[in-house]
Every structure is written in C-alpha cells, then in structure tokens.
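Trainee: here's a sequence, model it:
(chains A, B, C and D)
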Protein chains: 4
Amino acid sequence: MRYDFGSDNTAGMAPSAVEGLARANAGYARSYGSDEITARAADQIRQRLDADAEIRFVFSGTAANAIALSMLAFPFEAVLAHNAAHVCTDETGAPGFFGQGVGLIGLPGFSGRIDPLALKAQLAEPEVGHRQPPAALSLTQATEYGAVYTEEELRHLIEPVKARGYGVHMDGARLANAVAAGFDLKDIPRLGVDVLVFGGAKAGANCVEALVLFDKSLARRLDNRLKQAGQVASKARLLAGPMLGLLESGDWESGGAHANLMAKRLAAGVATRSPYVLAHPVEANTVFVRMPAEAHQRLNALGWACYRFDDGSVRFVCSWATQAEAVDELIEAIAGLN
Amino acid sequence: MRYDFGSDNTAGMAPSAVEGLARANAGYARSYGSDEITARAADQIRQRLDADAEIRFVFSGTAANAIALSMLAFPFEAVLAHNAAHVCTDETGAPGFFGQGVGLIGLPGFSGRIDPLALKAQLAEPEVGHRQPPAALSLTQATEYGAVYTEEELRHLIEPVKARGYGVHMDGARLANAVAAGFDLKDIPRLGVDVLVFGGAKAGANCVEALVLFDKSLARRLDNRLKQAGQVASKARLLAGPMLGLLESGDWESGGAHANLMAKRLAAGVATRSPYVLAHPVEANTVFVRMPAEAHQRLNALGWACYRFDDGSVRFVCSWATQAEAVDELIEAIAGLN
Amino acid sequence: MRYDFGSDNTAGMAPSAVEGLARANAGYARSYGSDEITARAADQIRQRLDADAEIRFVFSGTAANAIALSMLAFPFEAVLAHNAAHVCTDETGAPGFFGQGVGLIGLPGFSGRIDPLALKAQLAEPEVGHRQPPAALSLTQATEYGAVYTEEELRHLIEPVKARGYGVHMDGARLANAVAAGFDLKDIPRLGVDVLVFGGAKAGANCVEALVLFDKSLARRLDNRLKQAGQVASKARLLAGPMLGLLESGDWESGGAHANLMAKRLAAGVATRSPYVLAHPVEANTVFVRMPAEAHQRLNALGWACYRFDDGSVRFVCSWATQAEAVDELIEAIAGLN
Amino acid sequence: MRYDFGSDNTAGMAPSAVEGLARANAGYARSYGSDEITARAADQIRQRLDADAEIRFVFSGTAANAIALSMLAFPFEAVLAHNAAHVCTDETGAPGFFGQGVGLIGLPGFSGRIDPLALKAQLAEPEVGHRQPPAALSLTQATEYGAVYTEEELRHLIEPVKARGYGVHMDGARLANAVAAGFDLKDIPRLGVDVLVFGGAKAGANCVEALVLFDKSLARRLDNRLKQAGQVASKARLLAGPMLGLLESGDWESGGAHANLMAKRLAAGVATRSPYVLAHPVEANTVFVRMPAEAHQRLNALGWACYRFDDGSVRFVCSWATQAEAVDELIEAIAGLN
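Mentor: This is a model prediction of the structure:
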C-alpha cells in the first residue's frame, strides 16, 4: 500500500527537522522545557507572529486543542466550531475530556469555513440555564477541507465573538499551508485570537505542536496545567529540536509551499484527466475528489491509500515530502479508473 | 551548570535510539500506530515479558501512569501508593485529572518500598461511604529512592491486594535499572500486575513509555481512550522507533546496567571520600546523600545541578550516558566540600 | 401569570407526598439512607418492578441520568439517545460533566421515539479510534413529546443494543404517565434495561428520583459514587418520605392517570374548539400545539405560561394537580386567540 | 438504637421549617428557582450577611463545597484546608470529582482550627511545575471539632491568602452554631470570604444549603454550572421553603443556640459525672469525649449511637431538636459506663 497521499502524518520528519533533533540531542540539558533549544524554538515562533506570547511545546494536536478550549470555556459552556472541525469529528471527544464536559456547537459552512450568518444566528440565541451557552469560537486555518480563510473572513467571524467577551482559538495544524496560501501569521494576534495551536507534525516535525497564548492571563500556572495533562516533555529539547530545525531553516514555510504546489498539480491533473469533480477549491495541501464508491475501491486496490470523508468525497493529502512523480502516478491511476 | 547528575532526563537519546529513529523515519508509513515499527517494538516488549499483552506507546510517563490508574479505580475509589511515589508527588495530580478525582492513599516504607504491614493495615480499614476506598495498588520498580523490590517482596504486596479483587499497576520508569539489579521482567505478569508502564525515556529513548495491559479486558477501546487523552502519536513510528532501537540492540538492558554501575561508583566514592552518609541503599541508578544545606549550595555553586528530595537528602542520578570521569569529578567535588 | 400548564414542575407535592414527608420527619433516624423510610420506599419500587434491584434516592433527574450514563459508557465512548431527549437538550451537558466527556449521539424519530432504522444504521457504523463509539442506549419513557413506547417498540430498540453488549438506560421522569398509558413496569427488567431513573418529582413528590440498578455489577461502591457526586441526602428519610407516601397510597399511579386524562381533555378541546393542530399524539400528560408566534404571545399575555419547543410547537403540561376547570379555561383561552 | 446524638442529620426538620415547606407547597409556582419563595429566602440570607451576594440553594453540602472550590482553584491547583475538614475527610473526594482532580493540601491545628504558622509555612513553599500549588483556602466555621474561629483568628488566616490573590471558601454547615457562639455573620464578607456555604440541613431544614457568592465574577453562568452539576431543584420552592421558614422565624439562630446549650450541658455532665475527658473545648454543638474502646462499645450496646472520630475521641452531636432530658439520660449512661 502506498501511503503518500493517505494523510498528513504518513510522511516522516523533514531533513531539517532530523538535523534539528540531532543537534538538540547532544550532551546534557535541563529537562521539562528549561533548555535553550526550547527557548530558541519559542522565539522563532514569536518572531513570526510578532507577539510576546507564552509558548509551550506539547506532543499532540488533540491535546493542544482540547487544553486550549478548556482555557476558554467552562464545563457548563460550549465552543462554537465548524461541524467538520477536527475538534468535533476527529479527537474522540477530547475537548469534553480535558474540559470536563465542555460542549461543542457545530456550525455549517462551505469547505470547512464557518458561515458568518450561521455564527450570527447562533450568537443571537437566548441563553437558558439548561443548555451550554457558547463561550468561545474555534477556527481552523487551513480548514479540514483545504480552504484558507482570508484576514477579512476571519475578522467577520472573530469580531462578533470578541464583542461578547468570548475567547477565540485557532487550530493551526495546517498553518504552514495557510501561510503558503498567502495568510499572514501576524494577523493572528491582530485579529484577537487568544490561543493558537501552531502546527509542527504536519509541517514536517515529529509529534509536536506549539501552544501559543497571546492572552497571558490564560497562562496562569501553565506548566502545572500541562504537566497534569501529560503534555510536558521531560526531554523537552527533543520535542523542540525538530521544530527549531524547521523554523531556522525556513523549511516550515517552504515545506508548506511545496505541499500546496503538489496539491494544485494533483487537482489540475484530476480535473483535466479524470471524469471526477473536485469537491472543494484547492487552496492548501488537500484535494477532495467526488468519485463513486467502486472507483474509490479500485484506487485502493491499486495500492493507493485514501479515505472517504464525511462529505462523501475522497481525500488526498500532500506534504513537504510529496514527489511530483508520485503525484503524476496518482493522476494516471485516477484517470485510468473509469 | 552541569546537568549530568541532575535527573534521568538530562541525557539525550542513546545512539541506538537515534539510529532506530532514523530508520523509522524513512519513507511513508501508516499513522496512529498501525505501522510496522510500532508492531515490532511491541513484540520486543512482549518477548521480554513473556506475555501476550496489549501494548501502546505513549508520550509521557505521567499520562501513562494516570491512564493506567484510571483503568483500575473509579473516581470514587482510591489507589494505594508509596508516599514518595511519582504518582503522589511529581505528577501535579494527574491521576485525579485523568481519573476524574480518583484518590491516592499514601503508604510509608523505607527507600520508597511500601511497607507490607502498612498496606495490610490499610486494607483492613472498614469501608465507609464518605471516603474513597482502595481499588488498586501502584508499585514503582525501581523505587523513587533507588530501591529494587525482590520478587518475594512484590508478592507479599500484590497477593493481599489481588485477593480482594483490586488491580495492580507498576510504574516502570526505571524498569531497566531494576532489571540490571537482577529483577526478572517475566515476574511482572506472573505476579499479577495488570498494567505496566514500561519505561523508555529514562532508558535512553525519546519521550516514550509503553503502556502494557496484561488484562485484556482493560483494553476495551484502548485506542479511543488514548486518542481522547491526547496520547496517540500521529507519526507513531517516530515514537516507537527509538524504543525499537534500544530494544533490538539490547541497549535498553545495557544502558540500565551502565547507569547502575556508575551509581555504585559514585556511592562508593561518596562513602569513602566524603564525610556524608548515603540516605538509601544504592540498588539502581540513583544515589541519595545526606548533606547540610550549605554543602549542597556549594556543590551547586561549583556547577553541579542536583536537588534536595522530600526526605531531605540530595539526589544524584546516573544514566546510560554517565561517564566514569564525570563520576570521579563529582566525587572529588563532594569530597572537597568540607 | 398562571403556571398550571407551564411545566411538570410547577405543581407542588401531592397531599399523600406531604403526608409521607410529615410521617418521615418524626423523631430521630439514621442518616445517609440507612433509615427505614428509605428501605420501605425502595421496597415499594422493587415490588412494582418485580426485580431485586439496587435502589437509591437522589435529588435530581439530571444527576440521576448523568450518573446512570457514566456507569454504562466510558469517557471515550458515547450514548445513543433521541435528539430531543432530556439528556441531550435540557441538562446543560451533565452527561459530559459526570461522565468526563462521554459523548451523545443523537437519533431521529417521531414524537421523541427513536427510529429503529436510524438506530440500526448507527450501530452499523464502523468503529474508528478518533470517534466515540456507542456503548449504551438511553430511552425515555414517556418521551419528551408525550409518546409512550410499547413493549414491542422497546424490544426492537433494546435487542440489537444488548446483542452488542451495550448497556441500556431508561429515563423515567414521566414513568407514572407511561404506566397510566398502559405500559407495564415489569417489562423494564424483562427487556434488559440496566439502569432506570424512576421519576418522583413530576409524579407529585419533592425533588427526588430513584436510581434503580438491575445489573448489580454496576452498583460497585454505589454509595461512594453518589456521595462523591453530591447526591446522597444526609436526612435521607426526607427524600424518600414523599416518594413513600405516593407509592403506598397508590397516588404515584393515580396522579399519572389524572394527568393523562387532563391532557386528553385539553387535547380534545384544542382539536375541536381551536384552529390549531396537535403536533404529536397525546399518549401521556403533555399536549403540543402548533400555533403561530403571535397566538403564542397572546396566550402568554393572557397570563398562561407556556413555552415553544425545539419542534416549533407550544407545550402544555398536565400533572396530578391539574384541575378540569383550569383545562377548560385554557381551552377557552386558546379557542379565543384567533 | 437512639440516634439523638449520632450526627447533626439524625433530627428532622424543625417545626418552622415544616411550616415553611407547607406554605411553599401551595398552588403553582415557576420552577428552577425563579419563584418568590426562593427570592425571599435569598433576601433573608443577604440581610444577615449585609452583602449583595449571588445566592443559590442546592441540595447537598458536599456538592456546595466542591462546586465552590472548583470556582476558586483549577484542576492543576490545590486548596488549603484543615486535615480534618469535611472536604478532606468526609466527602469521598468530591472536590476532586467536581474540580477535575483539584488537589487538597491538609494543614494541622488544634480542634479543627488551621494553625496560622502551618498555613504561613505552606504559603512560603516554592512553586514547582510537578506539584499542585495552592490557589484557595477553605475554612470551616464552626470546625469539625466544634471550635469557633474568632474574627481575629480568621483574619490572620485570610489576609496572607488574599494577599497572594488566592480565593477563600467557608464551609458553614454549622454556621448557625458559630453564630450562637458569638460569631458575626457580617464578618464573612468583611474578611474577604469569596464563597460561603450557608448551612441549612444541620440547622433544621431539609437537605438544603445556600451557595453564597460575594465575588460576582465567580457567578458567571452560575445557573448553567449548577444545572450541569445536578444541583438545580426543579421544584425550587420546596428547597427554599424550609430555609425561609427557619430564617423568617429566627429559628435558624435559636435552633443553633439551643444546640450549643445542650452541648454545654452534656459536656458539663460528662466532665463532672464521668471519668472521661473532653477532647476539645465545647464552643458549638458537638462534644468529643476520650473514652476507651470498651466504654464506647458498651455505650453503643446501651442503645446510644455515637462514633469514634479520626482523633480517637467519641463524638456526640446536639441539634435544634435535642431535649434536655435526653442529654441527662446520656450523661447518666456515660457516667455509669465505668
């Protein structure tokens, strides 16, 4: 089975991440995040965001998102998120686990973008004691369906939420792909995002995400919080090292750009060479193709791992590692399905 | 500052772990633990334990222990553990977080070993509705004070607990050091341990521990449980790779043996060259020295990172990476404090 | 404002409940549920169910339901329930709070009855690690929309669930109304329900519900569980006393029958005297009327408290206390709205 | 068995509470706390405290305390409390359950009073990431051993805690007894207590406690919080009615005074007529007697329910209902044990 396009996580670490890990591994260092590698990696991220944020490196995006949401909403409150958001569909209820029952209110919208009118309608709902009212908004950039919010789109979602005093979380598992699509990282603090999960794993690192708190009041005893949640690395430099390698080399950005380019190549090939239709605009690193079940099965039988999504289309994911030849082979395979 | 002896986590990955990681990183692989590296690493552990256990690799010993305890005790129950156990003193209440308030009942005993009489007395306490009665026993091998339980000692602790139908957890963060001290891994399932945390990080891997379930009924939807708890690695092979490297090379064992040897060298040096007394027998990789506060401060001022523990003694930790020369330098430094 | 029809909880205690409370209040008694009143009330329920169940009296239906579900599903699992079930819509996420994030999977069906085909389809979904798979079914008898399941309907829902080893919970907040509609309480254990919440408050007691465990393995340290959850009454006889009064007098049944009769009278009046249509068959004590927003507002302005439900209809609730004259007054008022 | 002195909860409701309940029960009323009885009972408490606090009535002191602590400390923090405090010893870990693992740090002190030096020492402990640092102080007035803090004693405990920005909770399960001993309720807000549990059950009501929030920022979506926690009464007037009866009649105070008087009578009798020594000064409604196990058993065998406490003494509790004759009978019984 070929896993090239099966998921963002089927590729390993990028070379600069491996080098960053090797450098970080040398000699002795303080544990639990008090080391120099961790400090430098956090600085790299702060520079990109142009913000004096509190930053910690954690193992898992699921945990990072869930912990972020638990900072913004009490258990008797809820978080507004797209129906298709990773926090709603792919994290086995982690927000409820870390947030002691915190609710999720799903919102509709094309290609994973929250529809601002649906958000507005939800915010206008009267509060009652027997429901979990919203306390925060969760945004995903790029979205699960490969869309990239513009700064203006984000502002229209964030402003009414902040006006009510609610918090804003951004799941940036594919943030590098959003940046490659033209999104400016500095807009994140400017727009009022409170907590960002700055993606590492899908960008070519090991399993690492940066939890970025712009609002420092949320950081009360953050190290205790993360330790209790099993998200403090004892050998923290090994967590931060690959991220540092990606960031110092610029591969965090160039890998995202490469992945997007490969996705466009794949999309163009499918559109021109196959009878199948793209289910979503291709703005980042994922390509969703509407194809019959039998075509999908035949493609799997040909050795290409790929999965059907909740919208019924089949997803193909590109990464820093995707090779143009593989894209072309896949296009051939899809074109030949009929 | 020299961190050689400050903690088990100040050393990086051992060479065989780095090689294991590099091998694991090549090409594409299925994510979330369905890869071959993960399977092989689990097999290595099963062979050592001679048991058909369910095994998963998680990021953090804190999480591994807390999740294990949440399998054995309900929130309205408690876990019996040594007062000085990591779960009681060093995990920021993670058992209560993962276990929704599960209680801990601290037991005394020399050098981190639970006193069987204290355990017996606790088990004899009448149950009342307004307290959290025990449902499980947590053991640490080797203990936080560097003691290694014999098979017989463990049996005397485990038998009365199993007789009541309670579960048994073993924190094996320093299991490699216990093995080097003569402990037989195959005794773990034989004695009736239900859940083992098989240590990787302190043994020379990256941040990885294996969660080993001998009782498969505890494994109900284990992948969902771990995913929700933020302990499933997307790029799972990068978690298992270093562990596989250590295990296939035998460095998991030889690193533990080296660490113990270095600890004995340090202990002998302190005992013969300094006026300070060892606080605990040195059976594994840690050396605890009774020294006045000023001596401790002077040692820190000389550049040696080391910490005072709850029993008032100062701890020195050896690892796979400890060099004999560094031990001798430290002995000189301690001998010269007076 | 007249609250006669606003909710099940706007009426006070029925006379036999008040008498039961007065009798229970005399003299001294053991606390925390070890008293004779509590024992007798539990016996009354066991007799009606013809089952040797573990029974405890708790304060709140929300807590009773949530605790019941936490017995049947782990945090990383989910409970199947009707979209309109109280546990889904009216308990502020209590199942997630008590169940540490346990999920709810909403199912459709007319008048609050779960559609067996929808259930079957959900049970056929493949399990994946990143979702919360079902572990239990929650049924409501009578439903939130006043429907009463037949024994056969329940069997068609329960059998496929039990066949998979999942648990079954029944929310019986309006169980007395279901009984008055012909439902046989003895079917509850016969059908394989594991945990029943036997309603007291809506039946004319104070705030009390009985938690009934048919599967005694679920009752492990039940008193500790309830104490920790804040659901053990210190003066337990005051909780059980009104329930005992209702049960020994037969008013639990006759009050339910009276409420249903009043609902039928109201429904008949609305159907024949007003232009408005009933939204659901009237099988228990609630009447749902489709009326325009202005008509609803005028009715409120006339002093009749009543609320619009999620299905868009306006709900009227009858109870043990409802007077025929009040029903007729309300019919007049509704008839005169046009 | 005679339960007169076994616990605070063996007596029923006081006559004025029963009358308050009967009055509250008449007719229809809005549910979930929006009724007039609830409002009036809250007003009574606000007047006594001379503070514009948010007040809700809940079922259980265990829940009230645990919810209060969950407002003041995050799961990764801890609450400072006396070792013998109800929250530490008698609530089956409810603070950890409601507070998702929040820790408790036990402090020593005579007769249940926290020793200010022990508090100071604890506050001076350096914070580390792997422990749960304190975020709040929990005080009990009167204490579990029948002591009543003076305003000055409370100030010495509260001031250093507030100086660090930590919160303060007061468990007032026996507050009426403290008031009868001279404690001024108006000192509670003046001293900076953030959350008070104003006791009802032990004062002669049904199972009801008032949760009093002086700091309104803690009351964010309080009704949602309590609903989710199973602590909102549907028929709320039945919860508030007995409390209102006690408060309007002044029996809340006079009942406390009577209980204290009876305790003093008992203490004097034991001191002068028996060979047994009082274990604690008798300042409120409880009497602790040091007696050998055989004497205790003989007393039980004579039909007097009473329990041995953690300090080894035997507790006798007086209430609004205690009769002087019963006290004298008990004194005779104790005097005759030898």
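
Trainee: on the three-state scheme, the closest residue to chain B within the stretch 51-200 of chain A is what?
Mentor: Going by C-beta to the nearest C-beta, chain B is nearest to residue A:63 of the stretch 51-200 of chain A, at 2.7 Å. Backbone N, C-alpha and C define where each C-beta goes, glycine included. Assigned with DSSP: H, G, I helix; E, B strand; the rest coil, residue A:63 falls in the helix class.

Trainee: now do the contacts for the residue in the stretch 201-338 of chain A that chain B sits nearest to.
Mentor: At 2.6 Å from chain B, residue A:230 is the closest residue in the stretch 201-338 of chain A, using C-beta to the nearest C-beta. Contact analysis of residue A:230 by C-beta atoms under 8 Å, 6 or more residues apart in numbering or on different chains lists A:63, B:58-60, B:62-64, B:66-67, B:94, B:98, B:229-231.

Trainee: among the residues you listed, which are in strands?
Mentor: Cross-referencing those against strands under DSSP state E gives residue B:58.

Trainee: ok, back up a step: tell me the spacing between the residue of the stretch 51-200 of chain A closest to chain B and chain C.
Mentor: Look at residue A:63 and chain C: by C-beta to the nearest C-beta, to the nearest Å, they are 13 Å apart.

Trainee: residue A:79 now?
Mentor: Residue A:79 sits 12 Å away from chain C, taking C-beta to the nearest C-beta as the criterion.

Trainee: tell me what the helix or strand that contains that residue is packed against?
Mentor: Assessed by DSSP states H and E, residue A:79 sits inside strand A:78-82. With contacts taken as 3 or more C-beta pairs under 8 Å, 6 or more residues apart in numbering or on different chains; DSSP states H and E, strand A:78-82 sits against helix A:86-89, strand A:103-107, strand A:134-140.

Trainee: so which elements touch the first one?
Mentor: Here helix A:86-89 is seen to pack against helix A:61-72, strand A:78-82, strand A:103-107 when contacts are counted using 3+ C-beta pairs under 8 Å, 6+ apart.

Trainee: follow-up on the earlier one: for chain D, see how far away the closest residue to the residue of the stretch 201-338 of chain A closest to chain B other than its chain neighbours is.
Mentor: Nearest non-adjacent residue to residue A:230, counting by C-beta to C-beta, 6 or more residues apart in numbering or on different chains: residue B:63, 2.6 Å away. Distance of residue B:63 to chain D, computed by C-beta to the nearest C-beta: 13 Å.

Trainee: phi, psi for the closest residue to residue A:271 other than its chain neighbours please.
Mentor: Closest residue in space to residue A:271, ignoring its immediate chain neighbours: residue A:278 at 6.1 Å, by C-beta to C-beta, 6+ apart. Torsion angles at residue A:278 (phi, psi; degrees, to the nearest 10) stand at phi -70, psi 140.

Trainee: and residue A:278, what does it touch?
Mentor: By C-beta under 8 Å, 6+ apart, the contact set of residue A:278 is A:267, A:270-271, A:287-290.

Trainee: who wins for most neighbours among those residues?
Mentor: residue A:287 (30 neighbours; other C-beta atoms under 10 Å in any protein chain shown).

Trainee: ok, the helix or strand that contains it: who's next to it in the sheet?
Mentor: Assessed by DSSP H and E, residue A:287 sits inside strand A:286-290. Taking DSSP bridges as the criterion, strand A:286-290 forms sheet pairs with strand A:277-278 (antiparallel), strand A:314-317 (antiparallel).

Trainee: tell me where chain A has helices.
Mentor: Applying DSSP state H to chain A gives helices spanning A:15-25, A:36-49, A:61-72, A:86-89, A:94-98, A:116-124, A:151-163, A:175-180, A:187-191, A:222-228, A:236-249, A:251-273, A:293-301, A:324-335.

Trainee: ok, now how distant is residue A:232 from residue A:32?
Mentor: Distance, residue A:232 to residue A:32, using C-beta to C-beta, to the nearest Å: 6 Å.

Trainee: list residues touching both of the two?
Mentor: Listed as contacting both residue A:232 and residue A:32 by C-beta under 8 Å, 6+ apart are A:223, D:129.

Trainee: between those two, which is the more surrounded one?
Mentor: Neighbour totals were compared for residue A:232 and residue A:32, and residue A:232 leads with 30 against 19 (other C-beta under 10 Å).

Trainee: what about residue A:215, how many residues close to it?
Mentor: Counted with other C-beta under 10 Å, residue A:215 comes out at 17.

Trainee: need phi/psi at it.
Mentor: Here is the backbone geometry of residue A:215 (degrees, to the nearest 10): phi -90, psi 110.

Trainee: so it makes contact with residue A:192?
Mentor: No: contact criterion C-beta atoms under 8 Å: residue A:215 and residue A:192 do not qualify, at 9.3 Å.

Trainee: domain ranges for chain A?
Mentor: A:15-249, A:251-335 (automatic domain parsing).

Trainee: would you mind finding the most buried of those?
Mentor: Most buried of the domains of chain A by mean neighbour count (mean count of other C-beta atoms under 10 Å in any protein chain shown) is domain A:15-249; its value is a mean of 23.

Trainee: start to end distance for that domain?
Mentor: Start-to-end span of domain A:15-249 (C-alpha to C-alpha, to the nearest Å) is 10 Å.

Trainee: cool, stretch A:172-192 as well?
Mentor: Distance across stretch A:172-192, first residue to last, is 15 Å (C-alpha to C-alpha).

Trainee: could you pull up the mean pLDDT of that stretch?
Mentor: Stretch A:172-192 carries an average pLDDT of 98.

Trainee: mind checking how far it is from the chain centre?
Mentor: Taking C-alpha atoms, centre = their mean, to the nearest Å, the mean C-alpha location of stretch A:172-192 is offset from the chain mean by 11 Å.

Trainee: so what touches the strand holding residue A:287?
Mentor: Outside of strand A:286-290, the residues within contact range by C-beta under 8 Å, 6+ apart are A:142, A:145-146, A:263, A:266-267, A:270, A:274, A:276-280, A:309, A:311-318, A:334.

Trainee: pLDDT of that strand, averaged?
Mentor: In this model, strand A:286-290 carries a mean pLDDT of 98.

Trainee: what angle do it and helix A:251-273 make?
Mentor: In terms of direction (axes from the mean of the first three to the mean of the last three C-alpha atoms, to 10 degrees), strand A:286-290 departs from helix A:251-273 by 20 degrees.

Trainee: send the alpha carbons of strand A:286-290 over as PDB?
Mentor: Backbone C-alpha positions of strand A:286-290 (Å, rounded to 0.1, in the frame of the first residue of the first chain) are rendered in PDB as follows:
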ATOM      1  CA  THR A 286      -5.500  18.700   0.400                       C
ATOM      2  CA  VAL A 287      -7.500  17.600  -2.700                       C
ATOM      3  CA  PHE A 288     -11.100  16.300  -2.300                       C
ATOM      4  CA  VAL A 289     -12.500  14.300  -5.200                       C
ATOM      5  CA  ARG A 290     -16.000  13.200  -5.800                       C
END
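
Trainee: ok and it relative to helix A:293-301, angle-wise?
Mentor: Going by the same axes, to 10 degrees, strand A:286-290 makes 140 degrees with helix A:293-301.

Trainee: how far off helix A:324-335 does strand A:286-290 point, in degrees?
Mentor: If you take the same axes, to 10 degrees, strand A:286-290 sits at 10 degrees to helix A:324-335.

Trainee: contacting residues for the nearest residue to residue A:49 once chain neighbours are set aside?
Mentor: Computed as C-beta to C-beta, 6+ apart, the closest residue to residue A:49 that is not its neighbour in sequence is residue A:185, at 5.4 Å. Shown in contact with residue A:185 (C-beta under 8 Å, 6+ apart): A:48-50, A:175, A:179.

Trainee: fine, thanks again, bye for now.
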